[in-house]
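A.B. asks: give me a 3D structure for the following:
(one chain, ligands or ions: 1)
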Amino acid sequence: MEKKIAVIRGDHSSREFVRETLRVMDRIAEKYGHTFRYVDVAMGGDAIDRFGEPLPAAELQKCKECDSVLLGSVGGPEWDSLPGDKRPEKGLLALRAGMGLYSNVRPATIWPQLAPASPLRADIAANGIDFVIVRELTGGVYFGEHKTENNGTEEVAQDNMIYSAHEIERIGRIGFETARRRRKKLTSVDKANVLDTSRLWRKIMHQLKEEYPDVEYEDMLVDNCAMQIVKNPAQFDVIVTENMFGDILSDEASMITGSIGMIPSSSLGDTSNGVYEPIHGSAPDIAGKNIVNPMACILSAAMMFRYSFDMPEEADAIEKAVGAVLDKGYRTADNQSEGCTVLGTIEITDKILEEI
Ligand code: NAD
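C.D. replies: This next block holds a predicted model:
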């Protein structure tokens, strides 16, 4: 197959782990007889420096014209003092909105080799952590109107949280469909005891569940869910929730797996052209030292092969290679433990390439 892939190299350490991910993708192309053509796209700090804005329209257009997008991560202290609409993160929001990516899927899986790095008690981690969070990505409070005004005595800020029925239904369906492909259990998370948007959320989810009688369904309040994720994560299979709750819960879920450097993610809309990226940031504190862990980005490429290109064998090859490298005791500095061999970013990728 021939695929055109937009590549956003991002800022700081991102340039290192994206470079290594492309080596892995090239190896897959060679092994399975595919041709991958890469189209460089500027976003985030890189785009601000070159074009004065975090995602120029022409760069977004390039992403839309490709078969899929590999994204590193953007941002860094040098852009932190810019006004809100000029910051690197605005590029991310513009990319999601511009490509119509309304669903974000993040697996929270514990690699058995890294279980000792989980901050959870050993007996809880030993029960296994293997769930995914399906997060709504283009609605809710992040996309409502934001304003700060002076009411004459003091500043008052407000952020508007909006959800329409069709936005809830399309993400709800992705939750049910994802559960169907896994262990058939769906937890819908809301704050229906307080918020109107959540009450509408729950109403639509209850209508949908009639169409999926094979999926075990439950409602859970977001505060309870935050507790349950650390108390008994093994109970979850698929969690579906709105934008801000998903943002927070998915970071919590990634922490309990032990390493932020291991978690990929996918964002999709109505087409197969999606954005695949590690969940971590651009790690400016370790940039240029050849120590950043490239695995989350490499595993994001595996998700791209599975979900956008329907290449499950290629995805398996990457995931198995990562597992084999961990089995052999190779680690990057962020995951090191006694008896393991610590390798640099390039060297651990070499080991993954050997396994593929
Ligand atoms: P971060 O994820 O970049 O780093 C947090 C800590 O984890 C740092 O100590 C870092 O060295 C470490 N770390 C992260 N990824 C690692 C990896 N793969 N291997 C080894 N160590 C790793 O988060 P931050 O420091 O809060 O943010 C840094 C910049 O990244 C900020 O500008 C932030 O806005 C941006 N950011 C971007 C995204 C994105 O592009 N999706 C996501 C989060 C943060």
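A.B. asks: list the helices and strands the longest helix along the chain packs on?
C.D. replies: Scanning the chain for the longest helix, with DSSP state H as the assignment, gives helix 14-32. Secondary-structure packing of helix 14-32 (3 or more CB pairs under 8 Å, 6 or more residues apart in numbering; DSSP states H and E): strand 2-8, strand 35-40, strand 68-71, helix 295-307, helix 312-327, helix 345-355. Yep, even glycine has a C-beta here, placed from its N, CA and C like the rest.
A.B. asks: got the angle for the last one vs helix 312-327?
C.D. replies: Between the axes of helix 345-355 and helix 312-327, defined by axes from the mean of the first three to the mean of the last three CA atoms, to 10 degrees, the angle is 120 degrees.
A.B. asks: any part of helix 345-355 near the ligand?
C.D. replies: No: counting by CB under 6 Å from any ligand atom, the ligand has no neighbours in helix 345-355; the shortest distance is 8.4 Å.
A.B. asks: what sits up against the worst-scoring helix or strand of the chain on mean pLDDT?
C.D. replies: Counting by mean pLDDT, DSSP states H and E, the chain has its least confident helix or strand at helix 122-126, which shows a mean of 89. Residues outside helix 122-126 that contact it (CB atoms under 8 Å, 6 or more residues apart in numbering): Ile110, Ala115, Pro116, Ser118, Val230, Lys231, Asn232, Pro233, Ala234, Ile256, Gly258.
A.B. asks: repeat that for stretch 146-155.
C.D. replies: By CB under 8 Å, 6+ apart, stretch 146-155 touches Val156, Ala157, Gln158, Asp159, Asn160.
A.B. asks: grab the nearest non-local neighbour of the second one.
C.D. replies: Distance criterion CB to CB, 6 or more residues apart in numbering; nearest residue to Ala157, sequence neighbours excluded, is Thr148 at 4.3 Å.
A.B. asks: the residue most central in space within the chain bridge partners, please.
C.D. replies: For the chain, Ser265 is the residue whose C-alpha lies nearest the centre (CA atoms, centre = their mean; 2.9 Å). Taking DSSP bridges as the rule, Ser265 bridges to Glu277.
A.B. asks: as CSV, the contacts of helix 122-126 with secondary structure and pLDDT would be great.
C.D. replies: Output for those, formatted as CSV (DSSP: H, G, I helix; E, B strand; the rest coil; pLDDT from 0 to 100):
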residue, secondary structure, pLDDT
Ile110, coil, 88
Ala115, helix, 85
Pro116, helix, 83
Ser118, coil, 87
Val230, helix, 96
Lys231, helix, 96
Asn232, coil, 96
Pro233, helix, 96
Ala234, helix, 96
Ile256, helix, 90
Gly258, coil, 78
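A.B. asks: so which of the residues you listed comes closest to the ligand?
C.D. replies: Gly258 (12.4 Å; CB to the nearest ligand atom).
A.B. asks: what sits closest to that closest one if chain neighbours are left out?
C.D. replies: Ala117 (3.4 Å).
A.B. asks: against Met255, how distant is the one you found?
C.D. replies: Noted for Ala117: a distance of 10 Å to Met255, by CB to CB, to the nearest Å.
A.B. asks: do the same with Ile28
C.D. replies: Applying CB to CB to Ile28 and Met255 gives a distance of 30 Å.
A.B. asks: more neighbours: which of the two?
C.D. replies: Ile28 (22 against 17; other CB atoms under 10 Å).
A.B. asks: what sits closest to the more buried one if chain neighbours are left out?
C.D. replies: The nearest residue in space to Ile28 (CB to CB, 6+ apart) is Glu314, at 5.0 Å.
A.B. asks: list the contacts for that neighbour?
C.D. replies: Contacts of Glu314 by CB under 8 Å, 6+ apart are Ile28, Tyr32, His34, Ala302, Phe305.
A.B. asks: pick out the most distant pair among those.
C.D. replies: His34 and Ala302 (14.0 Å; CB to CB).
A.B. asks: which parts of the stretch 51-200 of the chain are helices?
C.D. replies: 57-64, 88-98, 122-126, 165-180, 196-209 (DSSP state H, counting those that start in this stretch).
A.B. asks: and the residue of the stretch 51-200 of the chain found nearest the ligand, backbone torsions?
C.D. replies: Closest to the ligand within the stretch 51-200 of the chain is Gly75: 2.5 Å, counting by CB to the nearest ligand atom. Gly75 adopts backbone torsions of phi 110, psi 160, taken as degrees, to the nearest 10.
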